[in-house]
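A.B. asks: Predicted model follows, preceded by the sequence.
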Amino acid sequence: MKKASLIALVLVAGLAVAAWAADVSGTWAMTTQGRQGEMTRDITIAQDGNKIKVTMPGMRGGDPITGEGKIEGNKIEWTVVRQTPQGEFSMTYKGTIDGDTMKGTSAVMDREMEWSAKKK
């Protein structure tokens, strides 16, 4: 009986954590610092529980790119793969959510940049 109660408690706790994931679905104005200074662009996030799909503008006006990631509590993370003349590379975005704002860092190879976003 104790084992069944413990299993039920673990399942309920797991569902509560998934339900507690912040709602980030929608359009966000994301600001990054690049080599040419500050740049703001819109990103769109679709959310299903704690899983997310992020659509971002392509480089230099190219086709949009899509990445996948997750939310755990107020932590967010997603990865996109970009195609460049030098080949394919992955870029991982990690940050924290605070209501209608987010901030964090993105990493590609050995370079890290800060980003922030505000929900539209």
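C.D. replies: Cool, the structure landed. Residues are numbered from 1 along each chain as shown.
A.B. asks: which stretches of this structure form helices?
C.D. replies: Applying DSSP state H to the chain gives helices spanning 2-20.
A.B. asks: Low-confidence stretches in it?
C.D. replies: Across the chain, the ranges flagged by pLDDT under 70 are 1-20.
A.B. asks: 90 instead?
C.D. replies: Per-residue confidence of the chain (counting by pLDDT under 90) places the weak regions at 1-22, 33-37, 58-63, 82-89, 107-111.
A.B. asks: Any idea how many residues pack against D110?
C.D. replies: Number of residues near D110 (other C-beta atoms under 10 Å) recorded here: 5. For the C-beta atoms, the positions are set from N, CA and C on the backbone; glycine is no exception.
A.B. asks: ranges for the strands of the chain?
C.D. replies: Ranges of strands within the chain are 26-34, 37-48, 51-56, 65-72, 75-84, 87-98, 101-108, 111-119, based on DSSP state E.
A.B. asks: Save the ones you listed as CSV, and put in mean neighbour count too.
C.D. replies: Putting the strands of the chain into CSV (neighbours: other C-beta atoms under 10 Å) gives the following:
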stretch, mean neighbour count
strand 26-34, 15
strand 37-48, 13
strand 51-56, 18
strand 65-72, 16
strand 75-84, 16
strand 87-98, 15
strand 101-108, 16
strand 111-119, 15
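A.B. asks: give the contact list for the closest residue to M91 other than its chain neighbours.
C.D. replies: Sequence neighbours aside, V108 is the residue nearest to M91 in space, at 4.5 Å (criterion: C-beta to C-beta, 6 or more residues apart in numbering). If you count contacts by C-beta atoms under 8 Å, 6 or more residues apart in numbering, V108 has them with 89-92.
A.B. asks: Now do stretch 71-88: distance to the chain's middle.
C.D. replies: Its chain's average C-alpha position is 8 Å from that of stretch 71-88, according to C-alpha atoms, centre = their mean, to the nearest Å.
A.B. asks: Can you give me the end-to-end span of that stretch?
C.D. replies: Distance between the two ends of stretch 71-88: 25 Å, counting by C-alpha to C-alpha, to the nearest Å.
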